[in-house]
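>>> Below are the sequence and a predicted model; questions follow.
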Amino acid sequence: MSVQGEAISTTGPLTTESGAPVADNQNSETAGIGGPVLVQDQLLLEKLAHFNRERIPERVVHARGAGAYGTFTLTADVSRYTRAKFLSEVGKQTEVFLRFSTVAGNLGSADAVRDPRGFALKFYTEEGNYDLVGNNTPVFFIKDAVKFPDFIHTQKRDPYTGSQEADNVWDFWGLSPESTHQVTWLFGDRGIPASYRHMNGYGSHTYQWNNEAGEVFWVKYHFKTDQGIKNLTQEEANRLAGEDPDSHQRDLREAIERGEFPSWTVQVQIMPAADAATYRFNPFDLTKVWPHADYPPIEIGRLELNRNPDNIFAEVEQSVFSPAHFVPGIGPSPDKMLQGRLFAYGDAHRYRVGINADHLPVNRPHATEARNYNRDGLAYDGRHGRSKNYEPNSFGGPEQTGRALWQPVPVSGRTGETAAPSHAEDNDFVQAGNLYRLMSEEERERLVANLAGFIAKVSREEIAERAVANFRQADADFGKRLEAAVQALRG
Ligand code: HEM
């Protein structure tokens, strides 16, 4: 089956779903001229019933998005860090599919909004699909998956008003100081990219690479846009969101149609496993970056997008990405957020697309095949015909390899302990403060104005004060200016 699906033949008659020729596609069959419609008009009933079932549930987050196919080319030898085959030889190319998205908006929402952008990448490797489900931000708002549903509820529509509410957003962020770094990032200039082409992507989490000898490395991925970073101001975005709600989706499709293939330079930061325990930050904390001075990014490849999907529903809406889709030589880290995500995505796919979501053309492996004893469910293929559907068996079939995709890592302590291992500079504010201090004066002004404009909308003083207090802890000047700006707006 082709990835795109077959285009419908332009010759031959219109037919029903069962293939019978249709005589009249303009008029329902009535009882006499102008009479009521007959139940025997099965074409009408089939069309209405089919139409009612066209939609599948939209993604609970990242519902709004656009995707494209392309190629990843390895440009550096990383075989001493990972045994992943698609990363084994300089010059090697791997087909990819990348879906960009916003987070909070619904399927039909505008693209030009202040929100992180999803950067979900599927590598169709010869050892199975490797999904790197990242964002355009190197960090995140929270560091434990158990807080994710609460966090997202505050970003989405309030149960009573049906709108996103400043109260909910700032109440949660104020009470979750670990969000300060990401919120500083989000309300800065990069919080509204001009297009999907003009932003970076990040794997965000720390992942495990392991080599042939079984040595472990901790890795962070960066995708640096070759188009250059371009952002929209809040005012530009407000206008664009109204004038052209599909701005990002259109930009991506049209650039590829023009043959202007967007590309990203791929870099990794690599930490030898032994460094993790004594590093100045918890290296598995998703609210922190690894400063480049500590672990300089190494260029390893180039990602290019060069083919538009033919059918948005089949290839973008039904595409599924899971942080649990690893290949030999790559695995998870103990990051608590990542651990939660290992479960959440497959579960979402089974609900949203069905248990055979991974069999759809856009999702199935392209450079190898899935071979196992899972069977049946709603499927479009023969599900392995007469082959035995159990294992072990005496008739042959796929067998386990005996080698795990990733290496075991040491653990200690007792179950139920909530404290993370402590590191010298672990706190919720130091990197937010560093980010603020890195900004130019004009950037700081826009950051403070963007934050104040939103914080000023909350209904309770205590919520505003708690929100400001987090930024004050990050940097005294940041806090002072923000407090003044909020007060000026609240009067
Ligand atoms: C989509 C859960 C954190 C990036 C989703 C979906 C779920 C989910 C259920 C919808 C999946 C689907 O229906 O196909 C979670 C949970 C998280 C979390 C439980 C925290 C514990 C993150 C983080 C990132 C991220 C930290 C980025 C670093 C994405 C992206 C998508 C997505 C890019 C859209 C994937 C696509 O294009 O289909 N998330 N998420 N999420 N999430 Fe997360």
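It's in.

>>> Where does the prediction get shaky in the stretch 201-350 of the chain?
Across the stretch 201-350 of the chain, nothing is flagged by pLDDT under 70.

>>> List, one by one, the residues from it near the ligand.
Ser204, Ser319, Val320, Phe321, Met337, Gly340, Arg341, Ala344, Tyr345, Ala348, His349 (Cβ under 6 Å from any ligand atom). Where C-beta positions appear, they are placed from N, C-alpha and C, glycine not excepted.

>>> What subset of the residues you listed is buried?
Buried by 16 or more other Cβ atoms under 10 Å: Ser204, Ser319, Val320, Phe321, Met337, Arg341, Ala344, Tyr345, Ala348, His349, out of those.

>>> Not counting its neighbours along the chain, what's nearest the second one?
Pointing back at Ser319 there. Val362 (4.8 Å; Cβ to Cβ, 6 or more residues apart in numbering).

>>> show me what contacts the one you found?
By Cβ atoms under 8 Å, 6 or more residues apart in numbering, the contact list for Val362 reads Val3, Phe97, Pro309, Ala314, Glu315, Gln318, Ser319.

>>> which of the residues you listed tops the neighbour count?
Counting by other Cβ atoms under 10 Å, Phe97 has the largest number of neighbours within the contacts of Val362, with 26 neighbours.

>>> Just the pLDDT for it.
At Phe97, the predicted lDDT confidence score is 99.

>>> pretty sure it contacts Val320?
No. Here Phe97 does not reach Val320: they are 10.7 Å apart, not a contact under Cβ atoms under 8 Å.

>>> so Val268 sits in a strand?
Yes. Val268: assigned to a strand according to DSSP: H, G, I helix; E, B strand; the rest coil.

>>> Look up how far Gly331 lies from Leu338.
10 Å (Cβ to Cβ, to the nearest Å).

>>> what comes into contact with the helix or strand where Gly134 lies?
Secondary-structure assignment from DSSP states H and E places Gly134 in strand 128-135. Strand 128-135 is touched from outside by 84, 86, 116-123, 201-205, 221, 223, 321-323, 325-327, 330, 341, 345, 363-365, 368, 370, with contacts defined as Cβ under 8 Å, 6+ apart.

>>> Inside helices: which ones of the residues you listed?
Arg341, Tyr345 (DSSP state H).

>>> Looking at strand pairing, list the partners for Leu303.
Phe72, Trp264 (DSSP bridges).

>>> Now for it: which residues touch it?
Per Cβ under 8 Å, 6+ apart, neighbours of Leu303: Gly70, Thr71, Phe72, Thr73, Val96, Leu98, Leu121, Phe223, Ser263, Trp264, Val266.

>>> export those residues to CSV and tack on neighbour count?
CSV is the format used below for those (neighbours: other Cβ atoms under 10 Å):
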residue, neighbour count
Gly70, 22
Thr71, 17
Phe72, 26
Thr73, 17
Val96, 23
Leu98, 27
Leu121, 24
Phe223, 25
Ser263, 20
Trp264, 25
Val266, 23
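
>>> All the strands of the stretch 51-200 of the chain, residue numbers only.
65-74, 93-102, 117-125, 128-135 (DSSP state E, counting those that start in this stretch).

>>> pLDDT averaged over the third one - what is it?
Along strand 117-125, the predicted local confidence has a mean pLDDT of 98.

>>> where's it relative to the chain centroid, distance-wise?
Centre-to-centre, strand 117-125 and its host chain are 8 Å apart (Cα atoms, centre = their mean, to the nearest Å).

>>> next one: the second one
A distance of 10 Å separates the C-alpha centroid of strand 93-102 from that of its chain, computed with Cα atoms, centre = their mean.

>>> Use 32 as the first number from now on
Sure, I'll start counting at 32 from here, so that last one is strand 124-133.

>>> strands paired with it, and their directions?
Counting by DSSP bridges, strand 124-133 is paired with strand 96-105 (antiparallel), strand 148-156 (antiparallel).

>>> Strands of the stretch 232-381 of the chain, residue ranges please.
Going by DSSP E, counting those that start in this stretch, the stretch 232-381 of the chain shows strands at 232-233, 238-241, 247-256, 294-303, 329-338, 361-363.

>>> Between the strands of the stretch 82-231 of the chain, which one is closest to Ile260.
The closest of the strands of the stretch 82-231 of the chain to Ile260 is strand 148-156. By Cβ to Cβ, the value is 12.3 Å.

>>> List of residues touching the closest one?
By Cβ under 8 Å, 6+ apart, strand 148-156 touches 93, 96, 103, 115-117, 125-134, 160-167, 224, 227, 230, 232-233, 254, 334, 350, 352, 356, 358, 394, 396-399.

>>> For Ala38, see how far away the nearest residue to Val347 once chain neighbours are set aside is.
Closest residue to Val347 apart from its sequence neighbours, by Cβ to Cβ, 6+ apart: Gly98 at 4.4 Å. To Ala38, Gly98 is 19 Å away according to Cβ to Cβ.

>>> Looking at these two, which one has more neighbours?
Per other Cβ under 10 Å, whichever of Gly98 and Ala38 has more neighbours is Gly98, with 25 against 9.

>>> Contact partners for the more buried one?
So Gly98 contacts Phe128, Leu129, Arg130, Phe131, Pro340, Glu346, Val347, Ser350 (Cβ under 8 Å, 6+ apart).

>>> Pick out the most distant pair among these.
Pairwise distances across those (Cβ to Cβ) peak at 13.6 Å, for the pair Phe131 and Glu346.

>>> start to end distance for stretch 245-263?
46 Å (Cα to Cα, to the nearest Å).

>>> What parts of the stretch 82-231 of the chain come near the ligand?
90-93, 96, 130, 132, 149, 151, 164-166, 171, 176, 179.

>>> Arg242 against Ala115, yeah?
No Arg there; residue 242 is Asn. No. Look at Asn242 against Ala115 with Cβ under 8 Å: they stay out of range, at 9.6 Å.

>>> Val442: neighbouring residues, count only.
Neighbour tally, Val442, other Cβ under 10 Å: 6.

>>> Tell me the secondary structure at it.
coil.

>>> quick one, what contacts it?
Pro365.

>>> Skipping adjacent residues, who's closest to the residue of the chain found nearest the ligand in space?
At 2.7 Å from the ligand, Gly149 is the closest residue in the chain, using Cβ to the nearest ligand atom. Among residues not flanking Gly149 along the chain, Ser132 sits closest, at 3.6 Å (Cβ to Cβ, 6+ apart).

>>> Format the CA atom coordinates belonging to the strand holding Gly165 as PDB.
The C-alpha coordinates for strand 159-166 follow below in PDB (Å, rounded to 0.1, in the frame of the first residue of the first chain):
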ATOM      1  CA  GLY A 159      11.900  -0.100  13.300                       C
ATOM      2  CA  ASN A 160      10.500   3.400  13.700                       C
ATOM      3  CA  TYR A 161      12.300   5.800  16.100                       C
ATOM      4  CA  ASP A 162      10.000   8.600  17.300                       C
ATOM      5  CA  LEU A 163      11.500  11.700  18.800                       C
ATOM      6  CA  VAL A 164       8.400  13.600  20.100                       C
ATOM      7  CA  GLY A 165       9.800  17.000  21.100                       C
ATOM      8  CA  ASN A 166       9.000  20.700  21.100                       C
END
